[in-house]
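Engineer: Show me the folded form of this:
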Amino acid sequence: MIEEDKKEFAALLKSSMAIYQQEASTDVLRIWWAALERFDISQVRDAFGRHIQDTKTGKFAPRPADILAILEMMNPDGRLGVEEAWAMFPHDEASSAVITDEMAEAMQSARPLMLEGDTIAARMAFKEAYTRITNKNKFNGVAPRWFPSLGHSKEGREIAIKHAVELGRLSSDFAQSLLPAPENQVLDKNLLKLQNLMKETPITPEQKQQHKERMANIKSMLTSK
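Structural biologist: Predicted structure coming up:
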């Protein structure tokens, strides 16, 4: 779901809980949103409907785990719904996202219209292509492949990659290779290079001690910033 879906989601949750004479406070709403955010609003709506209409589960108020179980059964391959896929795709050079090969392929149909500034037509072209591509792959048993589409914003890249790891779309090792090394690691690496260079240069024991002290001072000054 996206930010624009919050109002509809809140109404859906409140009306669903009202059937069981329960209320959804703001805090409870946040918990539900965090649990279901990765799914398309249309899928979430359908999952609530299935829970309520089921002759067994429908006797009790839904919990996040109940709706998650239905959603995962509906969408076992982790594919995004068409609306969420469109909203998630980066539409400018600064934005970053972790997308599927299906999303990238569908965007090829929409890109010419995007360049012309016709966002509405581009969205419709994307939806049509994405639905066709995903239906074909589902029928053939082809799973989607996730990969990063990285923009210029450093902060945006880190957020997108870390979020994808949390959702299991990227491995931790692969994500780590995409992110910049912590500043101290870069510093230690550069200092090691300098130390190795100095080792290759003939120096007296006194010079060696002075060099060691200078290196310690340099590292102390840089890491104290």
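
Engineer: What are the contacting residues of the helix or strand hosting residue 175?
Structural biologist: When secondary structure is defined using DSSP states H and E, the element that contains residue 175 is helix 172-178. The contact list for helix 172-178, computed with Cβ atoms under 8 Å, 6 or more residues apart in numbering, reads 148, 150, 157, 161-162, 164-165. In this view, the C-beta of every residue, glycine as well, is placed from N, C-alpha and C.

Engineer: hmm, try it at 10 Å
Structural biologist: Identification of contacts with helix 172-178 by Cβ atoms under 10 Å, 6 or more residues apart in numbering yields 96, 98, 146-148, 150, 157-158, 160-162, 164-166, 169-171.

Engineer: What subset of those residues is buried?
Structural biologist: Neighbour counting over the contacts of helix 172-178 (16 or more other Cβ atoms under 10 Å) leaves 96, 98, 146, 148, 150, 157, 160-161, 164-165, 169-170 as the buried ones.

Engineer: And the strands in this structure?
Structural biologist: With DSSP state E applied, the chain shows strands at 97-100, 146-149, listed in chain order.

Engineer: pull the longest helix from this protein.
Structural biologist: For the chain, the longest helix by residue count, based on DSSP state H, is helix 119-140.

Engineer: check contacts around residue 96.
Structural biologist: If you count contacts by Cβ under 10 Å, 6+ apart, residue 96 has them with 90, 148-161, 163-164, 178.

Engineer: Could you rerun that using 6 Å?
Structural biologist: Taking Cβ atoms under 6 Å, 6 or more residues apart in numbering, we find residue 96 in contact with 150-151, 156-157, 160.

Engineer: separation between it and residue 156?
Structural biologist: Relative to residue 156, residue 96 is positioned 5 Å away (Cβ to Cβ, to the nearest Å).

Engineer: Nearest residue to residue 113 in space, please, no chain neighbours.
Structural biologist: residue 122 (3.8 Å; Cβ to Cβ, 6 or more residues apart in numbering).

Engineer: check contacts around the one you found.
Structural biologist: Residue 122 makes contact with 110, 113-114 under the criterion Cβ under 6 Å, 6+ apart.

Engineer: could you dump those to TSV with neighbour count, distance to residue 7 and pLDDT?
Structural biologist: As requested, these are exported to TSV (neighbours: other Cβ atoms under 10 Å; distance: Cβ to Cβ, whole Å; pLDDT from 0 to 100):
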residue	neighbour count	distance to residue 7	pLDDT
110	24	26	93
113	17	28	94
114	16	27	91
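
Engineer: for the protein, what spans make up the helices?
Structural biologist: Counting by DSSP H, residue ranges of the helices within the chain are 6-18, 26-36, 41-53, 64-74, 82-88, 101-115, 119-140, 154-166, 172-178, 183-199, 205-223.

Engineer: With residue 99 as the reference, measure out to residue 146.
Structural biologist: Taken as Cβ to Cβ, the span from residue 146 to residue 99 is 7 Å.

Engineer: before we move on, what about residue 129?
Structural biologist: Here the distance between residue 129 and residue 99 works out to 14 Å (Cβ to Cβ).
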